[in-house]
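**Student:** Prediction below, plus the sequence it came from.
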Amino acid sequence: MAGARGSVVRSLRLVGQHVHKQHSREMSSSVGPQRKVTILGAAGGIGQPLGLLMKLNPLVTHLSLYDIAGTPGVAADISHCNTPAEVSGFAGDEDLGKALEGSDVVIIPAGVPRKPGMTRDDLFKINAGIVKTLCTAISQHCPEAIVNMISNPVNSTVPIAAEVFKKAGTYDPRKLFGVTTLDVVRARTFYAAKKGLNVRDVDVPVVGGHAGITILPLFSQATPYKPVEGDELEALTKRTQDGGTEVVQAKAGKGSATLSMAYAGAVFAEACLKGLNGEKGIVECTYVQSSVIPELPFFASKIRAYKFLDGGAEHNIHVGPKVIS
Ligand SMILES: NC(=O)C1=CN([C@@H]2O[C@H](COP(=O)(O)OP(=O)(O)OC[C@H]3O[C@@H](n4cnc5c(N)ncnc54)[C@H](O)[C@@H]3O)[C@@H](O)[C@H]2O)C=CC1
Ligand SMILES: O=C([O-])CC(=O)C(=O)O
């Protein structure tokens, strides 16, 4: 009886997926360039809201949701939103290739998050292995894709991804990005609140890396500009650097930033999609291979995303008071 019920449920699910795909294809047929975005770690705290935000993004025509455990449910859920992107869900090692095939942008929030008392480096052992496996699959199934690395420690997972791609012969430094957008999002929020500015108008570049004192918000380059000095500068800088820890402590053992990270990840992925589509003037801070400081092969800086497919991201680096292009 239970077996029969199981097979009916499976059949209904297959019919549902088929109908949904048909419907989505019809809806998306009138949209511009076809863009497939894949999220690896899509069932997690970041992956779920990020999947939702990407489903709402009109630049996405196909959203592929993969997790080592349990995404078909998340995919089925998100697929009911009446926006054009077609949604497919994949779970388990055997489906990873199918999830990645044809991706334009791959976002990686797969891995373990911090608990109170841990540093991001404490995640290295587990997350390095996860990132290595996933990047090996990317090099096999969608070597041209732009990769947005969210998994921590970003300062290490990005260089690991670069080594995996080099070994596979698919490395393009213009297409591998550590997502540091959450640092920018926080710096904007805290600066706007302190200076009584409309946060929608505010920008604050953040350079360096994505851990503790490597996070360097440049309030001297904030727009609109209001001087931040002395104790105020120290306090704003520290709050931005410790933003992740503030959330980890507030969640008290239930993980790290997920909702603000999903928002930040969606902002950065959209910039990549716009760059792919040839839109000019798209600039974001991100952790990339860099020659600005010879001792630091990777460094977060301002990058102009323009026509990744034809020439990759142009590096446009702000360190100190001047813009070095
Ligand atoms: N770059 C940044 O600014 C931020 C980075 N993070 C990092 O993002 C990562 C994820 O955080 P959460 O979503 O909160 O964690 P989570 O534990 O809620 O979700 C992680 C998901 O990854 C999946 N996963 C694990 N191994 C996998 C594999 N081999 N393939 C596919 N999926 C796999 C898990 O099944 C889980 O669903 C953590 O490393 C965290 O430190 C978090 C916040 C900000
Ligand atoms: O702090 C963490 O572990 C997660 C993270 O990277 C952030 O929120 O910036």
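**Tutor:** That came in fine, so what should we check first? Ligands and ions are numbered 1, 2, ... in the order given.
**Student:** C-alpha from now on. contacts and neighbour counts both.
**Tutor:** Will do.
**Student:** Can you verify Cys285 is assigned to a strand?
**Tutor:** Yes. Cys285 forms part of a strand when assessed by DSSP: H, G, I helix; E, B strand; the rest coil.
**Student:** contacting residues for it?
**Tutor:** Residues in contact with Cys285 (C-alpha atoms under 8 Å, 6 or more residues apart in numbering) are Thr180, Thr181, Val184, Pro205, Val206, Val207, Ala300, Ser301, Lys302, Ile303.
**Student:** Just the buried residues out of these, in ChimeraX syntax.
**Tutor:** Listed next is the ChimeraX selection for buried residues among the contacts of Cys285, using 16 or more other C-alpha atoms under 10 Å:
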select :180,181,184,205,206,207,300,301,302,303
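**Student:** now, which of the contacts of Cys285 lie within helices?
**Tutor:** Secondary structure from DSSP state H places Thr181, Val184 of those in helices.
**Student:** Can you flag which of the contacts of Cys285 belong to strands?
**Tutor:** Val206, Val207, Ala300, Ser301, Lys302, Ile303 (DSSP state E).
**Student:** The fourth one contacts Val204, correct?
**Tutor:** No. Here Ser301 does not reach Val204: they are 11.7 Å apart, not a contact under C-alpha atoms under 8 Å.
**Student:** pLDDT at the most centrally placed residue in the chain, what is it?
**Tutor:** Closest residue to the average C-alpha location of the chain: Gly265 at 3.9 Å, with C-alpha atoms, centre = their mean. With respect to pLDDT, Gly265 has a value of 98.
**Student:** Pick out the residue in the protein sitting closest to ligand 2.
**Tutor:** Relative to ligand 2, the nearest point of the chain is Gly244 (3.2 Å; C-alpha to the nearest ligand atom).
**Student:** which stretches of the stretch 1-150 of the chain form strands?
**Tutor:** Secondary structure of the stretch 1-150 of the chain (DSSP state E, counting those that start in this stretch): strands at 36-40, 62-67, 86-91, 105-108, 146-149.
**Student:** Between those strands, which one is closest to Thr258.
**Tutor:** Nearest to Thr258, of all these, is strand 105-108, at 13.2 Å by C-alpha to C-alpha.
**Student:** Give me the contact list for the closest one.
**Tutor:** 36-41, 100, 145-151, 269, 272-273.
**Student:** In the stretch 101-250 of the chain, what residue comes closest to ligand 1?
**Tutor:** Closest approach between the stretch 101-250 of the chain and ligand 1, counting by C-alpha to the nearest ligand atom: Ala110, at 3.4 Å.
**Student:** what residues are up against that residue?
**Tutor:** Contacts of Ala110 (C-alpha under 8 Å, 6+ apart): Leu40, Gly41, Ala42, Gly44, Gly47, Asp67, Asn127, Ile130, Val131, Ile150, Ser151.
**Student:** Could you do Thr181 as well?
**Tutor:** Per C-alpha under 8 Å, 6+ apart, neighbours of Thr181: Ala264, Gly265, Val267, Phe268, Glu284, Cys285, Thr286.
**Student:** same thing but 10 Å
**Tutor:** For Thr181, the residues meeting the contact criterion (C-alpha atoms under 10 Å, 6 or more residues apart in numbering) are 150, 187, 205-206, 210, 260-261, 263-268, 284-287, 300.
**Student:** Equivalent analysis for Gly51, please.
**Tutor:** Going by C-alpha under 10 Å, 6+ apart, Gly51 touches 37-39, 41-43, 57, 63-65, 74-75, 78-79, 87, 107, 262, 266.
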